[in-house]
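S.K.: no sequence on this one, just coordinates:
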């Protein structure tokens, strides 16, 4: 059996695709998410090819996060890889027209949720003097775009935390990597536009966007490098995208 991998936001998009590719490569999986029905379906499917357990919690709730990690069966307690994938965008408004509830949701999930999960798992890695934390950021954490404001701020925070983790955990022999995708065709835009599927669909028309499987494949590559190799910061665009706002659409 290969390494034990803890994935947040595992029930859809990049998280789900990552779970699938890692299962095929015989990693032991701890799949986390809010939707119990999807977690059960994943466990049923992927459990046929590797060892899988699931944890149902909301990364925004620190009590739930710590209780979930503490509840892991003994055979899953030695976590080798943490993939901080859970994240969201809500709305695409100017800063002056922004919805405060949207701001709270993005900061709570993208920043505080990442911190809570990392805080719960880092002591396991520190005790063993080994481990790997992969933080899924965004090009929005590298460059601000119109109406991105708080979402961009949350992903700039992820970028900063990724760098800070690498510095602070260096003495504990823990690898840290940030992966920052451009446009990925997932449920992301449906959530951002609050279920407006037509508007979400338009985000990905006229060019070939990245697919969740593309990022999952990169995550697998990054975590499967020899231990002395740490791919510390990786930006991934679809070929048609030159920047957050420049797309070569047909």
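M.R.: Structure received. Note that the structure is a prediction, hence the values are computed from the model and not measured.
S.K.: so how far is residue 184 from residue 210?
M.R.: Residue 210 sits 4 Å away from residue 184, going by CB to CB, to the nearest Å. C-beta here means a position set from N, CA and C on the backbone, and glycine is covered the same way.
S.K.: lowest average confidence, helix or strand, in the chain?
M.R.: Least confident element among the helices and strands of the chain, by mean pLDDT, DSSP states H and E: helix 188-192 (a mean of 75).
S.K.: mind giving me the packing neighbours of it?
M.R.: In terms of contacts (3 or more CB pairs under 8 Å, 6 or more residues apart in numbering; DSSP states H and E), helix 188-192 is packed against helix 197-203.
S.K.: so who does the spatially closest residue to residue 147 that is not a sequence neighbour touch?
M.R.: Using CB to CB, 6 or more residues apart in numbering and skipping the chain neighbours, the partner closest in space to residue 147 is residue 92 (4.8 Å). The neighbourhood of residue 92, defined by CB atoms under 8 Å, 6 or more residues apart in numbering, consists of 147, 148, 192, 193.
S.K.: which members of those are the farthest-apart pair?
M.R.: Across the contacts of residue 92, no pair lies farther apart than 148 and 193, at 14.0 Å, counting by CB to CB.
S.K.: can you check which strand is longest in this protein?
M.R.: Longest strand of the chain, by residue count under DSSP state E: strand 174-181.
S.K.: following that one, which helix or strand comes up?
M.R.: The helix or strand immediately downstream of strand 174-181 is strand 184-185, counting by DSSP states H and E.
S.K.: OK, contacts around residue 33?
M.R.: Residues in contact with residue 33 (CB under 8 Å, 6+ apart) are 8, 9, 10, 11, 12, 15, 39, 54, 56, 86.
S.K.: top of those by number of neighbours, please.
M.R.: residue 10 (31 neighbours; other CB atoms under 10 Å).
S.K.: roughly how far apart are the residue nearest to residue 147 and residue 25?
M.R.: Distance of residue 92 to residue 25, given as CB to CB: 36 Å.
S.K.: how about residue 248?
M.R.: Distance of residue 248 to residue 25, computed by CB to CB: 34 Å.
S.K.: would you mind finding the longest helix in this structure?
M.R.: In the chain, assigned by DSSP state H, the helix with the most residues is helix 149-168.
S.K.: that one packs against which elements?
M.R.: Right, helix 149-168 is packed against helix 100-107, helix 114-128, strand 131-136, strand 174-181 by 3+ CB pairs under 8 Å, 6+ apart.
S.K.: show me what contacts the closest residue to residue 181 other than its chain neighbours?
M.R.: Computed as CB to CB, 6+ apart, the closest residue to residue 181 that is not its neighbour in sequence is residue 236, at 4.9 Å. For residue 236, the contact set (CB under 8 Å, 6+ apart) comprises 179, 180, 181, 182, 210, 214, 215, 218.
S.K.: contacting residues around the fifth one?
M.R.: The contact partners of residue 210, taken as CB under 8 Å, 6+ apart, are 181, 182, 183, 184, 185, 236, 237, 238.
S.K.: I figured the first one hits residue 215, correct?
M.R.: Yes. Residue 181 sits in contact with residue 215 when judged by CB atoms under 8 Å, with a separation of 5.3 Å.
S.K.: nearest to the spatial middle of this structure, which residue is it?
M.R.: Nearest residue to the geometric centre of the chain (CA atoms, centre = their mean): residue 85, 1.2 Å.
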